[in-house]
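>>> quick one: sequence and predicted model below, then my questions.
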Amino acid sequence: MSKVLITGGAGFIGSNLADELIKIGDDVVIIDNLISGKKECLNPKAKFYEIDICSSDIEKIFKKEKFDYVFHLAAKIDVRKSIEDPVFDNKVNVLGSLAIFKHSAKNRIKKVIFASTGGALYGDISNPAIEEDLIYPLSPYAIHKYAAERYLELQKELYNLNYAVLRLANVYGPRQYKGGECGVIGIFTHNAVVGDQSILYGDGSKTRDYAYVDDIVSAMILSKNSKYTGVFNIGAGKETSVLNLIETIEKITKKRLDYKREKDKLGEVKRSALNYNKAKKFLKWRPRTDLETGIKQTLAWLKNKDFIKKNCCHSDE
């Protein structure tokens, strides 16, 4: 049994990760400021600290709990808001992350698993991006995620802190609530269930690589147990346009999705997909949930939630 810390563990991905780690017998501690996370998502078997990663009291938690592993998922993840307020985004995504990494090195954590971003880092692609491709960030959010990656790599060089950087595709699935930071699948599936109108930004040709949350959690756990340190793309490995996504939701629900068109948002790439061959080779990971199956499972979960209309979400771009 390992003792693990999950920052952002009351959020969409973090709470799903906590459930799986507890299921396999790990002792889980969660740090979350509950700005976007939800108490309803907390596993009752996990120990919970309501605290921000930028707080100086984080050091005391590390000393007290004596973690073996750290999963760092806490972040500000809204591209648009990072453009509006890059200083605050820098504070959380760079300085907050650096604090977690420094405490991890100081307390001799066995390994840090960091949830970075895939699509936002590589810019527009013509083929699924590989980890060695040129980094071409188009938003402060992407710049700050990459800065955090480099700080983590520096902790390895200075203090021999093992790590895995997971550059995630657009993650979707259960516990992704509609709101300002929610991905397009989270918004469109929510609106399909409640009958609200969605917004299609641009002409619908923009593509993303969509990965189901269970597959992401699997990659994180495999990273924890792997001897390999490094950067790994985690995604489905293919592009899906927003129009194709709409067609898939309509096919599953057997009804037209109500949406209106607006001009595209700043700071977002037009095409994105991640090559996951490195993760397949070194982590023995591959995605197992196809898009149609994942959307079916997401819709089924949404239909059972009595708090679906709450305006709260935590998801990647």
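It's in. The structure displayed is predicted, hence computed values, not measured ones.

>>> buried residues of the longest helix along the chain, list them for me.
Longest among the helix segments of the chain by residue count, using DSSP state H, is helix 140-159. Using 16 or more other Cβ atoms under 10 Å as the test for burial, helix 140-159 gives 140-149, 151-153, 155-156. All C-beta atoms are positioned from the backbone trio N, CA, C, and that covers glycine.

>>> quick one: name whatever helix or strand follows it.
Following helix 140-159 in sequence order, the next helix or strand is strand 163-168 (DSSP states H and E).

>>> following element in sequence after that next one, please.
strand 170-172.

>>> what comes up buried for that next one?
Within strand 170-172, the residues scored as buried using 16+ other Cβ under 10 Å are 170-172.

>>> state the helix or strand in which the closest residue to Asp203 other than its chain neighbours lies.
Sequence neighbours aside, Arg261 is the residue nearest to Asp203 in space, at 7.8 Å (criterion: Cβ to Cβ, 6 or more residues apart in numbering). Secondary structure assignment for Arg261, by DSSP H and E: strand 259-262.

>>> for Asn162, which non-adjacent residue is closest in space?
Lys111 (4.4 Å).

>>> residue contacts, the one you found?
Lys111 makes contacts with 69-70, 162-164, 223-224, 229, as judged by Cβ atoms under 8 Å, 6 or more residues apart in numbering.

>>> what does the lowest-mean-pLDDT helix or strand in the chain rub up against?
The helix or strand of the chain with the lowest confidence, counting by mean pLDDT, DSSP states H and E, is helix 79-84 at a mean of 86. With Cβ under 8 Å, 6+ apart as the test, helix 79-84 has contacts from 76, 89, 93, 120, 139-142, 144, 180-181, 265-268, 317.

>>> the same query, at a cut-off of 6 Å, please.
Applying Cβ atoms under 6 Å, 6 or more residues apart in numbering, the contact partners of helix 79-84 are 89, 139-141, 265-267, 317.
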